[in-house]
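**Student:** Dropping the sequence and predicted coords here.
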Amino acid sequence: MRFTRGFIGSALALALVLVGCQQPASQTPAETPKMQSAKSPTQSPVERGRYMVTVGGCNDCHTPKMMGPNGLEPDMSRTLSGNPSTEKLAKVPAGLIAPDKYLTITNNHLGAWVGP
């Protein structure tokens, strides 16, 4: 278990380093930033936000779930609303979360988590 977490963490760190080290393509003198922006279509802040939420998987944790025909799926009528305020969270028994026991526990909507 410890090896798996270390391996995944190392892989993510390496991926971030590789993405950060990419050098931009060299520009010719005639190709200025103004010309580049004129070539590519601009994206509205709303479109950019929608893209970031989709790519980042924000709905996976921040949208309540409901039972659908394919099992548990996001309730898109409550997109990104987090844990429903009407749902009471159960008390976590002392000693339940430990390295040799459970590391995390969640509620029915997968919107509230307890653990490290």
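**Tutor:** Right, received. Where do you want to start?

**Student:** following the helix-or-strand element of the chain with minimal mean pLDDT, which helix or strand comes up?
**Tutor:** Using mean pLDDT, DSSP states H and E, helix 33-39 stands out as the lowest-scoring helix or strand of the chain, at a mean of 56. The element immediately downstream of helix 33-39 (helix or strand, assigned by DSSP states H and E) is helix 45-56.

**Student:** And the strands in this protein, which stretches?
**Tutor:** Counting by DSSP state E, the chain has strands at residues 65-68, 71-74, 105-106, 113-114.

**Student:** Can you name the residues in contact with the second one?
**Tutor:** Applying C-beta atoms under 8 Å, 6 or more residues apart in numbering, the set of residues contacting strand 71-74 from outside is 59, 60, 63, 64, 65, 66, 67, 110. Yep, even glycine has a C-beta here, placed from its N, CA and C like the rest.

**Student:** change it to 7 Å
**Tutor:** Strand 71-74 has contacts (C-beta atoms under 7 Å, 6 or more residues apart in numbering) with 59, 63, 65, 66.

**Student:** Out of these, who's the most crowded?
**Tutor:** With neighbours taken as other C-beta atoms under 10 Å, the top of the contacts of strand 71-74 is residue 63, carrying 22 neighbours.

**Student:** Can you tell me who the closest residue to that residue other than its chain neighbours pairs with across the strands?
**Tutor:** Of all residues not flanking residue 63 in the chain, residue 74 sits nearest, at 4.3 Å (C-beta to C-beta, 6 or more residues apart in numbering). With DSSP bridges as the criterion, residue 74 is bridged to residue 65.

**Student:** separation between residue 74 and residue 68?
**Tutor:** 9 Å (C-beta to C-beta, to the nearest Å).
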